[in-house]
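Below is the structure, and that's it, no one-letter string:
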Ligand code: ZN
C-alpha cells in the first residue's frame with residue numbers, strides 16, 4: 001500500500017504512502033512495505049535522495065490501531081529488530097511488538113545511509129510525526145498541521161519520543177500537555193520544519209531540494225548525515241528515546257490494569 005517510484009529523475013526515489021481511505025494510517029502491511037521500499041532505494045546506487053510522501057489529502061493520521069490484517073508479526077514479516085515473543089500475553093507481547101514496528105523500525109529509517117526528505121501536507125498526527133521526524137529534512141505545505149494527542153489516551157506521547165529534540169523542552173511539553181494541533185508555520189518557527197511552501201508547490205519544491213542534494217558527492221553526504229546523527233546520539237538522544245519508551249509502556253500497562261485497554 002505504499003508505492004516506490006523513480007520520480008522525475010533516476011537519482012530521486014519517491015516513496016508514497018497510499019491508503020487515502022484511511023488517511024494513510026500505518027498498518028503492519030504499510031510499515032513493512034515502507035521498510036522494503038526504503039531498502040530498495042538504499043540498495044540502488046542510482047538513487048541519491050529518498051523522498052517520502054503521502055497520497056492526498058493527508059500525509060498520515062498515525063498508526064492504524066484497528067489493523068485488520070491477518071498476517072502475524074514475527075511469522076509473516078522479516079523482522080528488523082532483535083526481539084522475539086510477539087503475541088505473548090501481558091506487557092510482554094505489546095512491548096516487543098512496539099520495539100519492533102515502532103522503535104527499531106523508526107531508528108532504522110532515521111539512520112538510512114542516504115538523505116531522506118519528508119513532503120508533508122494535510123494532517124500529520126502521532127505516528128505520522130514519527131515518520132516525518134525520521135527523515136533528515138521536512139518540507140511542509142502551508143495547509144499541513146502537526147499534533148500528538150496520545151496524552152488524551154493516557155500515554156506520554158508517541159513511541160519515537162524526540163519531541164524535546166524537535167521542539168525544545170518547553171514547547172514539547174506544551175504540545176504534549178495540550179494535545180493542540182500546530183500549523184506548518186508554527187512548526188517552521190520552532191525549527192521542526194525546514195520549509196513551508198504553498199500546497200500546489202510542495203512536490204515541485206521538494207524535488208528541486210532533492211535534486212540539489214543529489215548533485216553533491218554521495219559519500220560526503222552520507223558521512224555528513226552520519227556525523228549529525230551521531231552528534232545528536234552523543235548528546236544522549238538514543239538513551240532519551242529508550243527511557244521514554246519504557247515510560248510509554250508503563251502507561252500502556254497502567255491503562256490495561258485500570259481500564260482493560
Ligand atoms: Zn504504544
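Arrived safely. All values reported here derive from a predicted model rather than from experimental measurement.

State the distance from residue 70 to residue 36.
Residue 70 sits 19 Å away from residue 36 when distances are taken as Cβ to Cβ, to the nearest Å. Every C-beta, even on glycine, is put in place using the N, C-alpha and C of the backbone.

between those two, who's got more neighbours?
residue 36 (15 against 7; other Cβ atoms under 10 Å).

Quick check: phi and psi at that one.
Dihedral angles of residue 36 (phi, psi; degrees, to the nearest 10) stand at phi -70, psi -40.

Report pLDDT for residue 2.
Looking at residue 2, its pLDDT is 58.

Ignore what I typed, I meant residue 42.
At residue 42, pLDDT is 97.

wouldn't it be in contact with residue 114 here?
Yes - the pair residue 42 / residue 114 is scored as a contact, 5.9 Å apart, by Cβ atoms under 8 Å.

which of those two has more neighbours?
Applying other Cβ under 10 Å to residue 42 and residue 114 shows that residue 114 carries more neighbours, namely 20 against 15.

Please report how far residue 189 lies from residue 182.
Between residue 189 and residue 182 the computed distance is 9 Å (Cβ to Cβ).

In terms of neighbours, single out the busier of the two.
residue 182 (22 against 13).

Can you tell me, leaving aside adjacent residues, what's nearest to that one?
residue 146 (5.1 Å; Cβ to Cβ, 6 or more residues apart in numbering).

List the residues that contact residue 168.
Applying Cβ atoms under 8 Å, 6 or more residues apart in numbering to residue 168 gives the contacts residue 190.

what residues are shared contacts of residue 42 and residue 114?
Shared contacts of residue 42 and residue 114, defined by Cβ under 8 Å, 6+ apart, comprise residue 50.

Need the residues that contact stretch 64-83.
Applying Cβ under 8 Å, 6+ apart, the contact partners of stretch 64-83 are 22, 25-30, 32, 35, 84, 86-87, 96-97, 99-101, 103-105, 108.
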